[in-house]
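In: Structure for this input, please:
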Amino acid sequence: MSQLNPRELDVLNILWKTDEPMTSTDIVNEQRGLTQSTVIAVLRKLLKDDLVEVAGVTHSGKVLSRTYRPTAASRDVIMKNFAGDYANFKNVISKSDLCAAILGIEQGPEQMKSEISKLKKILADYEKKL
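Out: Next up, the predicted model:
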C-alpha cells in the first residue's frame with residue numbers, strides 16, 4: 001500500500017470521528033473544500049484498497065445512498081504511513097520527544113492517565129525483550 005494522499009486522509013479522518021456509517025453527502029458536509037465528485041472518487045479507491053466498506057444503504061432525500069465506515073485495515077495502514085513519515089525525521093525527533101508531543105495534544109486528565117498507563121505497559125514489554 002502506498003502513501004495515502006491528503007484527500008484520502010481527510011475522508012478516513014471524517015469516518016474515524018464517528019461511530020455511525022456516513023453517506024458521501026455526509027462526508028462532504030463535514031469538511032469545507034470537499035466536493036461530491038472528489039469524495040466519491042476517494043471512496044471508490046478506499047473501497048478498492050479495503051480501507052472502507054459499505055455498511056449499508058439508506059434513504060438520502062428521495063434516493064438510496066450507500067453508507068461507509070472505515071475497516072480495521074485502515075488503522076494499520078495509517079499507522080504504517082505515520083511510522084514511515086517518522087522514519088524520515090528520526091534523526092531530528094527522538095521517540096521520547098515524539099511521545100511527549102503526542103501526549104500534549106488536547107487530552108483530558110483521565111485520557112492522559114490511560115495513555116500513560118498503556119505506554120508503561122508497552123515500554124515494560126519492550127524492556128523484557130532486551
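In: alpha carbons only for contacts and neighbour counts from here, please
Out: OK.
In: Mean confidence (pLDDT) on whatever helix or strand Ala41 lives in, please.
Out: Per DSSP states H and E: Ala41 is located in helix 36-48. Averaged over helix 36-48, pLDDT sits at 96.
In: Sort out which residues of that helix are buried, please.
Out: Across helix 36-48, burial judged by 16 or more other CA atoms under 10 Å covers Thr38, Val39, Ile40, Val42, Leu43, Leu46, Leu47.
In: Pop the domain breakdown of this protein in here.
Out: What automatic domain parsing lists as the domains of the chain is 6-74, 93-130.
In: Need the winner for burial among these.
Out: domain 6-74 (a mean of 16; mean count of other CA atoms under 10 Å).
In: quick one: terminal-to-terminal distance for that one?
Out: Terminal residues of domain 6-74 are spaced 14 Å apart (CA to CA, to the nearest Å).
In: residues making contact with the longest helix anywhere in the chain?
Out: When the chain is parsed with DSSP state H, its longest helix is helix 109-129. Helix 109-129 has contacts (CA atoms under 8 Å, 6 or more residues apart in numbering) with Leu103.
In: quick one on the thing from earlier: compare the domains of the chain and say which comes out lowest on pLDDT.
Out: Looking at these, the bottom one is domain 93-130 with a mean of 88.
In: And that domain, how far out from the chain middle?
Out: Counting by CA atoms, centre = their mean, to the nearest Å, domain 93-130 is centred 19 Å from the centre of its parent chain.
In: rewinding a little: pull the CA atoms of the longest helix of the chain into CSV?
Out: Extracted as CSV, the C-alpha positions of helix 109-129 are listed here (Å, rounded to 0.1, in the frame of the first residue of the first chain):
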residue,chain,number,x,y,z
PRO,A,109,-6.5,14.2,32.6
GLU,A,110,-8.3,10.8,32.5
GLN,A,111,-7.4,10.1,28.9
MET,A,112,-3.8,11.2,29.5
LYS,A,113,-3.6,8.8,32.6
SER,A,114,-5.0,6.0,30.4
GLU,A,115,-2.5,6.7,27.7
ILE,A,116,0.5,6.8,30.1
SER,A,117,-0.6,3.5,31.6
LYS,A,118,-0.7,1.9,28.1
LEU,A,119,2.7,3.4,27.3
LYS,A,120,4.2,2.0,30.6
LYS,A,121,3.0,-1.5,29.6
ILE,A,122,4.4,-1.2,26.1
LEU,A,123,7.7,0.0,27.4
ALA,A,124,7.8,-2.8,30.0
ASP,A,125,7.1,-5.4,27.3
TYR,A,126,9.9,-3.9,25.1
GLU,A,127,12.3,-3.9,28.1
LYS,A,128,11.6,-7.6,28.7
LYS,A,129,12.6,-8.4,25.1
